[in-house]
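> Kindly return the folded structure for what I paste below:
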Amino acid sequence: ALAVVDAASAIHDLSKIKIGEQLTMRVDRHDESFHGIVYPLDRYGERHMLVERAEEGFVASELVVETEVVAVALAAEVEGSLWATREKLGLSASNIVGLASVFEWEIDFNTGVRAGDSFSMVIESVRDAATGEHIRYGEVLAAEYVNSGTSFRGFRFVDSEERLGYYNEAGLSTKKMFLK
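All right, here's what the predicted structure looks like:
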């Protein structure tokens, strides 16, 4: 076991594995001898560490899934809470925070969200380049939120100096000088 931990140390300190984290043990089907482990290095499965038996002991390598980013459209009506709606769509907490940040100067997402509100967005879908399988959602590219019958829109724009902002259809920043 120490040989595996030592081999892995250049990539990840296996002594810092927490309760609930999983790793896969690789065992020979015929003689059930231990061949190594596969350990995820991120929560989405885009990076893994492989520690495997070699002639000189164990060696570790990092496996990175080649990804592609595709823009996809999502839409939903808020049922109960924005958080519950997020879960139904498979969005992460950071995705819904990203949506809220587009409109944070127009809508108070702590008290102003109502059942029956709706939103639609174009968001990045990060996919496995080899299989096309969806891995996770990325950045919000454009969004519309209808709050109590009033529609708000925001479109992502990155300027030549790499500054990110969201702008409405009139070209005005969704970020205001003062809160509503």
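
> quick one, longest strand in the protein?
Using DSSP state E to define each element, the chain has its longest strand at strand 134-147.

> Buried ones in that strand, by neighbour count?
Neighbour counts over strand 134-147 (16 or more other Cβ atoms under 10 Å) mark Ile135, Arg136, Tyr137, Gly138, Val140, Leu141, Ala142, Ala143, Glu144, Tyr145, Val146, Asn147 as buried. C-beta coordinates here come from the backbone N, C-alpha and C atoms, glycine included.

> for stretch 51-68, same thing?
Neighbour-count burial for stretch 51-68 flags Val51, Arg53, Phe58, Ala60, Val65, Thr67 (criterion: 16+ other Cβ under 10 Å).

> Tell me the secondary structure of Lys88, please.
The local conformation at Lys88, judged by DSSP: H, G, I helix; E, B strand; the rest coil, is helix.

> count of residues packed around it?
Applying other Cβ atoms under 10 Å, we find 9 other residues in the vicinity of Lys88.

> correct me, but it touches Glu77?
No. Applying Cβ atoms under 8 Å as the test, Lys88 and Glu77 come out as separate, 10.3 Å apart.

> which stretches of the chain form strands?
Here the chain has its strands, by DSSP E, at 24-27, 34-40, 47-54, 57-64, 67-77, 118-128, 134-147, 150-158, 164-167.
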